[in-house]
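Asker: Just the structure for this:
(chains A and B, ligands or ions: 2)
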Amino acid sequence: MKYSVFSILRNALTGNRAWTPVWRFPTPRAAYDTVIVGGGGHGLATAHYLAKLHGITDVAVVEKGYLGSGNVGRNTTIIRSNYLLPGNTHFYEHSMKLWEGLEQDINYNAMVSQRGVLNLAHSDGQRDAYARRGNAMRIAGVDAELLDAAQVKAMLPLLNTDNPRFPVKGGLLQRRGGTVRHDAVAWGYARAADQRGVDLLQNTEVTGIRVEGGRVRGVETTRGFIAAKRVGLAVAGNTSRVAAMAGLRLPIESHLLQAFVSEAVKPMIDCVVTYGAGHFYVSQSDKGGLVFGGDIDGYNSYAQRGGLPVVEDVMEGGVQLFPAMSRLRYLRQWGGIMDMSMDGSPIIDRTPIEGLFLNCGWCYGGFKATPASGWCFAHTIATGEPHALNAAFRLDRFASGAVLDEKGVGAQPNLH
Amino acid sequence: MLIPCPFCGPRGSAEFSTVGSKPPPRPVPDAPPEAWHDYVNIRDNPAGVHEELWQHVHGCRQWLVVTRDTRSHAIAAVKAARP
Ligand SMILES: Cc1cc2nc3c(=O)[nH]c(=O)nc-3n(C[C@H](O)[C@H](O)[C@H](O)COP(=O)(O)OP(=O)(O)OC[C@H]3O[C@@H](n4cnc5c(N)ncnc54)[C@H](O)[C@@H]3O)c2cc1C
Ligand SMILES: [Zn+2]
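Answerer: Ligands and ions are numbered 1, 2, ... in the order given. All right, here's what the predicted structure looks like:
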């Protein structure tokens, strides 16, 4: 069923009894051309673009839980393309352009909201660094504006700009950045892929990867063996565990990131704001709750729940920036396990095993990448070659030294 | 998370900082590049028992080897990195 204003009207007039399920619940077939492991944003987007752009529809997405149960449904929904290094800038800008046309492409309301992303600067040095980043973005054709303190104040009346230790000196604004309803991204891509014949296999955990003679043959799952000519891994925080099933050891550590939502209040923050002197960022959801987060917990974790020191740190940052937040109660808090790479940048590439492809290393910022990640991964799987847009996201860059380290902190994931 | 420092007793994890996994022995200077790549970049990243290096920065400042389960954060052992 195509969604439109007419389908809403028609269904409203017929008591909403004619809506059909959004996707099928197929039984696994014995073999597929391509199996994607992981039904998060990246896996589902990959399936959609494989089917739509490359005509490969003999595809299964194998997900151990329900679709969207991982980080795609846990993140703070921010999208942006404000990167400095060329290997990243063009990729994330491609993602931004795909976001801009996503809802028409998949016929699903993902509530793409380009409300602007503002990074605050608190020192002259930081403002200079943002000027450099903004110039790099504009050279690459990405929008960026450097704001002074008065402009920031005009945008955010409740912001505390006069803290004596960390005054707000200005900020770097990307107006095309913003937020997207994360669950809808998973559901929309899933529905679009399903409509083109992709089998979405939920509650099916991959427990082994069969490799013979250096070639991948398929995956062992809790519902039996599924043969495949090509297997793509998009399992985010579980990448090391799943890749180990094929004997791969990776430059990845799994870390925990928390997020928080406050009670709903009237509009007080109409863009995304990041604190430049601590670990805190915030936006306000359409329901009115403040959605915010901060730093990762800092030590390896597969626990999917956070520790209290970071809760305190995030609240301190929030109250320092927006003193009015001290009067809010926070409603919910949760965590997700992220695949932190050694240079803070992702990997979309082939592997030494023929037919096995890898998509990982998204750290705390892979939601904004979802469309371009799926797009590039589909290209890499379909053609056997990386696209120019993901050419820098090679697996062997750590060995060769051609790393993509935006922060320049080296192989220590808890600093990225 | 409480870390039982062998010198100071049980202390909140916020008193400590960590560099992550306890690294394998450092390769000799003229080891092949693959050995160095492995040492610098590759991690076992287990879901389960994990040996890691923590420093009690806001305490005795000793470096500690902590054996912790990455699924439950239960700490099985803590010992000084340099006995
Ligand atoms: C709290 C938090 C806030 C974040 N905020 C942002 C943000 O504001 N902006 C941004 O850009 N990014 C953000 N991120 C990062 C972003 O959410 C992730 O990088 C991205 O979602 C990862 O890709 P994914 O959607 O495919 O992952 P996931 O949704 O985690 O998908 C991976 C899937 O693989 C499945 N899986 C794992 N093992 C197996 C197996 N053996 N067999 C079958 N299936 C398996 C999992 O169940 C999971 O569904 C945030 C992350 C967190 C945790
Ligand atoms: Zn101590």
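
Asker: For the closest residue to residue A:350 other than its chain neighbours, what is the enclosing helix or strand?
Answerer: In space, and not counting its chain neighbours, residue A:350 is closest to residue A:357: 5.9 Å by Cβ to Cβ, 6 or more residues apart in numbering or on different chains. From N, CA and C alone the C-beta is placed, and that goes for glycine too. In this assignment (DSSP states H and E), residue A:357 forms part of strand A:356-360.

Asker: Who are the packing partners of that strand?
Answerer: helix A:41-54, strand A:224-233, helix A:239-244, strand A:347-350, helix A:370-383 (3 or more Cβ pairs under 8 Å, 6 or more residues apart in numbering or on different chains; DSSP states H and E).

Asker: Of all those, which one comes closest to ligand 1?
Answerer: When the helices and strands packed on strand A:356-360 are compared by Cβ to the nearest ligand atom, helix A:41-54 sits nearest ligand 1, at 3.2 Å.

Asker: Report the buried residues of that closest one.
Answerer: By neighbour count with 16 or more other Cβ atoms under 10 Å in any protein chain shown, helix A:41-54 contains the buried residues A:41-52.

Asker: In JSON lines: those, plus distance to residue A:30 and pLDDT.
Answerer: Converted to JSON lines, the buried residues of helix A:41-54 look like this (distance: Cβ to Cβ, whole Å; pLDDT from 0 to 100):
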{"residue": "A:41", "distance to residue A:30": "28", "pLDDT": "98"}
{"residue": "A:42", "distance to residue A:30": "26", "pLDDT": "98"}
{"residue": "A:43", "distance to residue A:30": "21", "pLDDT": "98"}
{"residue": "A:44", "distance to residue A:30": "23", "pLDDT": "98"}
{"residue": "A:45", "distance to residue A:30": "26", "pLDDT": "98"}
{"residue": "A:46", "distance to residue A:30": "22", "pLDDT": "98"}
{"residue": "A:47", "distance to residue A:30": "19", "pLDDT": "98"}
{"residue": "A:48", "distance to residue A:30": "24", "pLDDT": "98"}
{"residue": "A:49", "distance to residue A:30": "25", "pLDDT": "98"}
{"residue": "A:50", "distance to residue A:30": "20", "pLDDT": "98"}
{"residue": "A:51", "distance to residue A:30": "20", "pLDDT": "98"}
{"residue": "A:52", "distance to residue A:30": "25", "pLDDT": "98"}
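
Asker: so can I have TSV of these showing distance to chain B?
Answerer: As requested, the buried residues of helix A:41-54 are exported to TSV (distance: Cβ to the nearest Cβ, whole Å):
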residue	distance to chain B
A:41	22
A:42	19
A:43	20
A:44	24
A:45	25
A:46	23
A:47	26
A:48	29
A:49	29
A:50	28
A:51	32
A:52	34
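
Asker: Kindly identify which of those also come near ligand 2.
Answerer: Among the buried residues of helix A:41-54, not one lies near ligand 2 by Cβ under 5 Å from the ion.

Asker: filter those residues by proximity to ligand 1?
Answerer: With Cβ under 6 Å from any ligand atom as the criterion, the buried residues of helix A:41-54 include A:41-43 near ligand 1.

Asker: Could you report the separation of residue A:358 from residue A:174?
Answerer: 29 Å (Cβ to Cβ, to the nearest Å).

Asker: In terms of neighbours, single out the busier of these two.
Answerer: Applying other Cβ atoms under 10 Å in any protein chain shown to residue A:358 and residue A:174 shows that residue A:358 carries more neighbours, namely 28 against 24.

Asker: who does the more buried one bridge with?
Answerer: residue A:233, residue A:349 (DSSP bridges).

Asker: Provide the backbone phi and psi angles at residue A:295.
Answerer: phi -90, psi 160 (degrees, to the nearest 10).

Asker: wouldn't it be in contact with residue A:312 here?
Answerer: No - at 11.4 Å, residue A:295 does not count as touching residue A:312 under the criterion of Cβ atoms under 8 Å.

Asker: neighbour-wise, which of the two wins?
Answerer: Per other Cβ under 10 Å, whichever of residue A:295 and residue A:312 has more neighbours is residue A:295, with 17 against 11.

Asker: Next, the contact list for the closest residue to the more buried one other than its chain neighbours, please.
Answerer: In space, and not counting its chain neighbours, residue A:295 is closest to residue A:279: 3.6 Å by Cβ to Cβ, 6+ apart. Residue A:279 is in contact with A:294-295, A:313-314, A:317, counting by Cβ atoms under 8 Å, 6 or more residues apart in numbering or on different chains.

Asker: do residue A:302 as well
Answerer: Per Cβ under 8 Å, 6+ apart, neighbours of residue A:302: A:237, A:254, A:337, B:47, B:70-71.

Asker: before we move on, back to that, do you know how far the residue nearest to residue A:350 is from residue A:344?
Answerer: For residue A:357 relative to residue A:344 (Cβ to Cβ), the value is 21 Å.

Asker: neighbours of residue A:120, just the number please.
Answerer: There are 27 residues near residue A:120, going by other Cβ under 10 Å.

Asker: what about the nearest residue to residue A:281 once chain neighbours are set aside, distance to chain B?
Answerer: For residue A:281, ignoring the flanking residues on the chain, the nearest one in space by Cβ to Cβ, 6+ apart is residue A:274 at 4.1 Å. With distances taken as Cβ to the nearest Cβ, to the nearest Å, residue A:274 is found 23 Å from chain B.

Asker: for residue A:163, same thing?
Answerer: According to Cβ to the nearest Cβ, residue A:163 and chain B sit 23 Å apart.

Asker: In this structure that residue contacts residue A:323, no?
Answerer: No - contact between residue A:163 and residue A:323 fails when scored by Cβ under 8 Å: they sit 9.7 Å apart.

Asker: Who are the contact partners of the residue in the stretch 1-150 of chain A that chain B sits nearest to?
Answerer: At 13.2 Å from chain B, residue A:64 is the closest residue in the stretch 1-150 of chain A, using Cβ to the nearest Cβ. Contacts for residue A:64 (Cβ under 8 Å, 6+ apart) come out as A:203-206, A:222.

Asker: Try it again at 6 Å.
Answerer: Residues in contact with residue A:64 (Cβ atoms under 6 Å, 6 or more residues apart in numbering or on different chains) are residue A:205.

Asker: Assign a three-state SS to it, would you?
Answerer: Classification of residue A:64 using DSSP: H, G, I helix; E, B strand; the rest coil returns coil.
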